[in-house]
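Student: Just a sequence and a predicted model for now, questions to come.
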Amino acid sequence: MSLREGDIIKFERTFTIEDVEVFRKISKDEASHHTTPDEQGRLFVHGLLTATLPTKIGGEHNVLARTMSLEFLRPVLTGDTIICEVAIDQFEKQGNRTCIKASFLCKNQHEKDVLIGDFSGIIL
């Protein structure tokens, strides 16, 4: 699929305890809310792990990110399913490269906003 300005790309992911454990090892973020389950057996998902959702478009379309802005609106817990919607706001050829700007909104399974932001980059 080729990207165009105005496109909306939507995808989802359910975060697991294993996801948090792997990210915790990589990031060295050992805060207790990432290591000690709550009364329902859930862990808080690292904010930056949640922020990997909109980067999926980069992998699918060979985008080299240049900037990314994030606003974390509410916590994500293991077992939550996060739906991410990325809007392509700008997609244009500039010289010998294609530049992209996009905004995104991530919601949980209860339709509550958890993360908003935007990014820019170039298509390799």
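Tutor: Cool, the structure landed.
Student: Let me see the ranges of the helices in this structure.
Tutor: Taking DSSP state H as the test, the helices found in the chain are 17-27, 32-35, 47-50, 56-61.
Student: Spatially central residue in this structure, please.
Tutor: residue 53 (2.5 Å; CA atoms, centre = their mean).
Student: Against residue 86, how distant is the spatially closest residue to residue 98 that is not a sequence neighbour?
Tutor: Once flanking residues are discounted, residue 98 sits nearest to residue 123: 4.1 Å by CB to CB, 6 or more residues apart in numbering. Any C-beta I mention is one placed from the backbone N, CA and C, and that applies to glycine too. When distance is defined by CB to CB, to the nearest Å, residue 123 is 14 Å away from residue 86.
Student: next one: residue 92
Tutor: Per CB to CB, residue 92 is found 17 Å from residue 86.
Student: follow-up on the earlier one: isn't the residue nearest to residue 98 right next to residue 61, touching?
Tutor: Yes: here residue 123 lies in contact with residue 61, judged by CB atoms under 8 Å, at a distance of 6.5 Å.
Student: Do you have the strands of the chain handy? List them.
Tutor: With DSSP state E as the definition, the chain shows strands at residue ranges 8-14, 63-72, 81-94, 97-107, 113-123.
Student: Would you mind putting these into CSV with distance to residue 44 alongside?
Tutor: Conversion of those to CSV gives the following (distance: least, CB to CB, whole Å):
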stretch, distance to residue 44
strand 8-14, 15
strand 63-72, 11
strand 81-94, 13
strand 97-107, 15
strand 113-123, 12
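Student: returning to that earlier point: so residue 123 and residue 86 - more neighbours on which side?
Tutor: For the pair residue 123 and residue 86, the greater number of neighbours falls to residue 86 (23 against 16), based on other CB atoms under 10 Å.
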